[in-house]
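Colleague: What follows is a predicted protein model with its sequence.
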Amino acid sequence: MSDLIAPTKLTKKDFETDQDLRWCPGCGDYSILANVQRMMPELGIPREQIVWVSGIGCSSRFPYYMNTYGFHTIHGRAPAVALGVKVANPELSVWLATGDGDGLSIGGNHLMHCLRRNLDVKILMFNNRIYGLTKGQYSPTSELGKVTKSTPAGSVDQPVDPASFALGVNASFVARSIDTEAQHLGEVLRRAAAHSGTAFMEIYQNCNVFNDGAFDAFTDKAVRAERQVRVEHGKPLLFGANQEKGLRLNPRTLGLEVVNVGEGGVPLEEVLVHDETNPTFGQLLARMPFPEFPVAVGVLHASLRPTYDGTLRAQQKAAREKLGQGDLGKLLRGGSTWTI
Amino acid sequence: MEPVSPSPPVAEHPSREVIRGAVVRFAGDSGDGMQVTGDQFTAAAALARNDLATFPDFPAEIRAPAGTTYGVSGFQVHFSSQDVFTPGDAPDVLVAMNPAALKTNLKDLKKGGLLILNSGTFNATNLKKAGYEVNPLEDNSLDGYTVLSIDITKLTVTSVKDTGLSNKEAHRCKNFWTLGLMFWIYSRPLEPTLKWIESKFGKRSDLVAANIAALKAGHAYGETAEVFQHRYEVPAAPVEKGEYRNIGGNTATALGLVAGAQLAGLPLVLGAYPITPASDVLHELSKHKQFGVTTIQAEDEIAAVCAALGASYAGNLGVTSTSGPGMALKMEGIGLALSVELPLVIIDIQRGGPSTGLPTKTEQADLLQAVYGRNSEGPVCVIAASTPGNCFDMAIEAVRLALKYMTPVILLTDGYLANGAEPWRIPRVEDLPKIDVKFRTDPAGFHPFLRDPETLARNWAIPGTPELMHRIGGLEKDYNSGHISYAPDNHERMVKVRAAKIAGIANDIPPLTMEVGEDSGKLLVLGWGSTYGSIREAVQRCRDRGLSVSHAHLRYINPFPSNLGEVMKRFDRVLVPELNLGQLVKIVRSTFLVPAESFAKVQGQPFKISELEDKIRQVLES
């Protein structure tokens, strides 16, 4: 990330473009865009140092609406293009917009390798559990048995959980948030921006045309306190309207269990305290079955290790220190030569 | 061998005969070290200032089952005191390390040629594996060749017995014993190879000692065994003054890319996925970090091209290297590159196909894929290298054109060029072309698809440039603003301008000239790519016999040199030899409506000079 400070304080408006937004009215993408545009000025990074890269799909139109540099690439390949961008110029702040189809179906391979390499980029995966731009086929995150145009008898593949996948390939930052939860989403975005390495954010995003209400069971105001656990590093894993429920480790099953806390329940000390640096916490939280357990949102995992681009840069610096700046004439005369 | 007449015998026993040159083929199991032997023998010829060309021919398996015919690995080298254009049709000398090597290679050996056999491997098991019912050493099937049957295995093991190597390791020194013998026959000094062995096996002093002992023992065998009538000497070739080195096609390609990036003043990012026969470009470039070269071993071919494109987007020179199957995977990425009009260099080192095909064999059958392989109207610049050394020049040319025209450029080479080698006159850096790159920085009137009126290249504004923030992508763009546009007329205009930009490159490349012969006559042989040497030699031989034939060679395929149509009109007939079923000829015929004739070969092997000579004669007689 750049040390440069923008000369004048930027505002949300500075990050808006003159392009007409072409998402369906009521789409969750609007609120994600607004949150990103609100958060970006806080980073203090000049707009020209920011690059948005995307693949194909509704979410991948995102770069057109950000007044930064932007590259709308091909289906699934945003992490691969971003790899080249970041390696070519590590000073840039590189952000990716992708979806559940783009990122986990056609582009699953690239996403996996981006995460394991720990390239210093920030990935927003808009998960609406459906293919929107192709008008409503099931996606790799759709629930089993999903009835869509391409699966009239119900889908037969098991869905993948994005956060669990990311943790499985050793992602250094994994978080979840929700399109309509402005404050929470803003906080997750800020954490991701500050992270050194690949920051992976799964954002539950409602597609009101092809999969409306997909997340209502845990995002509706009436139920969200009961059905979400908002994880924070160093704080007990509590939920419920009065924080009266908690998550405890069952040592016999090596799994989590929901317990009542306080009066009539277990003491607070028995509730797990979230440790985002320990990937086991992330994996346990990401894989909790719903609705038996709440859905964990927030920063599930964050840890530091060297970045791909940083290590490459260091190798290049070391080569220059050892061998000096390259001398082309000398290179061409490499090996044994003879003069006639 | 090619005798120099009169051949002055040197007074010495055995007599030392000066010859013009020879073609030698080493053949053995893929684990016998034939490629190393061939490389060292080639290096010795280069040090003796011979002109030369090499042709390694090996199986796709790293260690195919020992003794089988499909596990045979070969290395042919043609060295001479005269100009050499090909590795030679038929060897004068065949070294066969086992029955399988004899079985698969004997048919190529010249009648009367020298056959050196390792008799120690001609046992019942190996004979059976090679498909011999009778030991060829014991019937009369080798009559007509000069046969030297030597138990190289036994002599090698004896020579290294003091070094404490295991029996298995001792056996593996056979190739150096053989090399020692060949060095004696061709009067080559041992010192360079001794040095090489020391640097190669430096960490294992026993291996150094053993391989040196084997090399010297083979050499001493030639001196003392009194089985040779002659030793040979090949004088230096008269070549242009200058500093030379031996260079293979993949090395030349990699160095050309480094040079191109340096000349343009840009860092280079290579995205690549390992694939035969292209991996050596990745290996070579990964050694040159001090030149601002970054190599990314990507997760797949698609990621490789996309990473290269991302690097170009950010203002570096993006390059990706691959071979046929990888090329197929990259096409969508190349389509994006041409749509967003960013520079991108794609190296396709062609191999036998379709699909996995013949990974280690050569072919020119990706031409149509390169020229036409994108969805929709997807014009890109396509160029091709003609010799291992020419890979260097064409790699620089690919960089120059990609940057000047903001376009993908596909450079076609092939397995034959990639693994072949020749002496190369090292260019002076100051003689290399200048490559001028200007990034857009002026916000006044800017949009990303503003074009240079002459080249039609769009302006290149890279992330990090203040006030020029913009968005690009694979959706169609408005000609006047660069914004997304689905307007029908605008789309056609954009399709046409992208095509016109590539077509305009014809004004920026050299016109087609004759390699051999007059610029008019009865027959023009029009080649492209690695067939250069064979065609040139065949046409020269036909001309020596008084035939009216000329040779022109295309290094630019899309667009063609602007005078190609006119050149072809000056000949009664045009013959297009290709290592495919007739791909260039298809483009030439459809573009110029000329009745060009195809001469096709698709065997995973280069043209023999004699095949081309026969075809030329046949065409002229018909």
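Modeller: Right, received. Where do you want to start?
Colleague: What is the neighbour count of the closest residue to A:Val273 other than its chain neighbours?
Modeller: Leaving aside its sequence neighbours, A:Val273 sits nearest to A:Pro236 (C-beta to C-beta, 6 or more residues apart in numbering or on different chains; 5.3 Å). (C-beta placed from N, C-alpha, C; glycine too.) The number of residues packed near A:Pro236 is 18, by other C-beta atoms under 10 Å in any protein chain shown.
Colleague: Now for B:Glu430, how many residues are close by?
Modeller: Counted with other C-beta under 10 Å, B:Glu430 comes out at 7.
Colleague: likewise B:Ala236?
Modeller: Neighbourhood size, B:Ala236 [other C-beta under 10 Å]: 12.
Colleague: Show the contacting residues for B:Ala214.
Modeller: B:156, B:159-160, B:173-174, B:176-177, B:180 (C-beta atoms under 8 Å, 6 or more residues apart in numbering or on different chains).
Colleague: ditto for B:Tyr416
Modeller: Taking C-beta under 8 Å, 6+ apart as the test, what B:Tyr416 contacts is B:55, B:249, B:362, B:530, B:606.
Colleague: how does it look with 6 Å?
Modeller: Applying C-beta atoms under 6 Å, 6 or more residues apart in numbering or on different chains, we find B:Tyr416 in contact with B:362, B:530, B:606.
Colleague: That one and chain A: what is the separation?
Modeller: Separation of B:Tyr416 from chain A (C-beta to the nearest C-beta, to the nearest Å): 21 Å.
Colleague: For the lengthiest helix in chain A, what is the distance to the chain centroid?
Modeller: Selection of the longest helix in chain A by residue count, based on DSSP state H, yields helix A:308-323. How far helix A:308-323 lies from its chain's middle: 28 Å, per C-alpha atoms, centre = their mean, to the nearest Å.
Colleague: now check it, is it near chain B?
Modeller: Yes: counting by C-beta under 6 Å from any C-beta of the partner chain, chain B has neighbours in helix A:308-323: A:316, A:319-320, A:323.
Colleague: And that helix, what does it pack against?
Modeller: Packing partners of helix A:308-323 (3 or more C-beta pairs under 6 Å, 6 or more residues apart in numbering or on different chains; DSSP states H and E): none among the helices and strands.
Colleague: got the buried residues for it?
Modeller: Neighbour counts over helix A:308-323 (16 or more other C-beta atoms under 10 Å in any protein chain shown) mark A:308-310, A:312, A:316, A:319 as buried.
Colleague: In which helix or strand does B:Phe75 reside?
Modeller: strand B:72-80 (DSSP states H and E).
Colleague: Show the average pLDDT along that strand.
Modeller: Averaging the model's pLDDT scores along strand B:72-80 yields 95.
Colleague: A:Leu96 in helix, strand or coil?
Modeller: What DSSP: H, G, I helix; E, B strand; the rest coil gives for A:Leu96 is strand.
Colleague: meant to ask about B:Pro65, not that
Modeller: Strictly by three-state DSSP, B:Pro65 counts as coil.
Colleague: Skipping adjacent residues, who's closest to it in space?
Modeller: Closest to B:Pro65 by C-beta to C-beta, 6+ apart is B:Gly71, at 5.9 Å.
Colleague: May I have the longest helix along chain B exported as PDB, CA atoms only?
Modeller: Using DSSP H to define each element, chain B has its longest helix at helix B:205-224. Taking Å, rounded to 0.1, in the frame of the first residue of the first chain, the C-alpha atoms of helix B:205-224 are listed here in PDB:
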ATOM      1  CA  SER B 205      34.100 -35.600  -6.500                       C
ATOM      2  CA  ASP B 206      33.700 -39.300  -7.200                       C
ATOM      3  CA  LEU B 207      31.400 -38.500 -10.200                       C
ATOM      4  CA  VAL B 208      33.900 -35.900 -11.400                       C
ATOM      5  CA  ALA B 209      36.700 -38.400 -11.300                       C
ATOM      6  CA  ALA B 210      34.700 -41.200 -12.900                       C
ATOM      7  CA  ASN B 211      33.300 -39.200 -15.800                       C
ATOM      8  CA  ILE B 212      36.800 -37.800 -16.500                       C
ATOM      9  CA  ALA B 213      38.300 -41.300 -16.300                       C
ATOM     10  CA  ALA B 214      35.600 -42.500 -18.800                       C
ATOM     11  CA  LEU B 215      36.200 -39.600 -21.200                       C
ATOM     12  CA  LYS B 216      39.900 -40.100 -21.200                       C
ATOM     13  CA  ALA B 217      39.600 -43.900 -21.500                       C
ATOM     14  CA  GLY B 218      37.300 -43.500 -24.600                       C
ATOM     15  CA  HIS B 219      39.900 -41.100 -26.100                       C
ATOM     16  CA  ALA B 220      42.800 -43.400 -25.300                       C
ATOM     17  CA  TYR B 221      40.900 -46.300 -26.900                       C
ATOM     18  CA  GLY B 222      40.800 -44.400 -30.200                       C
ATOM     19  CA  GLU B 223      44.600 -43.800 -29.900                       C
ATOM     20  CA  THR B 224      45.600 -47.400 -29.100                       C
END
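Colleague: next helix or strand past it?
Modeller: Per DSSP H and E, helix B:205-224 leads on to strand B:230-233 as the next helix or strand towards the C-terminus.
Colleague: about what we covered before: relative to B:Trp460, which of the buried residues of helix A:308-323 is nearest.
Modeller: A:Asp309 (22.2 Å; C-beta to C-beta).
Colleague: I figured the closest one was touching A:Gly84, is that so?
Modeller: No: the criterion here is C-beta atoms under 6 Å, and A:Asp309 misses it with A:Gly84 at 10.6 Å.
Colleague: how about low-confidence regions in the chain?
Modeller: Defaulting to chain A. Scanning chain A for pLDDT under 70 picks out A:1-7.
Colleague: meant chain B, my bad for not saying
Modeller: Ranges of chain B meeting pLDDT under 70: B:1-14.
Colleague: Grab the most central residue of it for me.
Modeller: B:Leu417 (0.8 Å; C-alpha atoms, centre = their mean).
Colleague: Quick one: name whatever helix or strand follows the host helix or strand of it.
Modeller: Counting by DSSP H and E, the element that carries B:Leu417 is helix B:415-419. Once the chain leaves helix B:415-419, the next helix or strand it forms, by DSSP H and E, is strand B:421-425.
Colleague: What pairs with that next one, parallel or antiparallel?
Modeller: strand B:243-248 (antiparallel) (DSSP bridges).
Colleague: Touching the partner strand from outside, list them.
Modeller: The contact list for strand B:243-248 (C-beta under 6 Å, 6+ apart) reads A:335, A:337-339, B:46, B:388-389, B:421, B:423-426.
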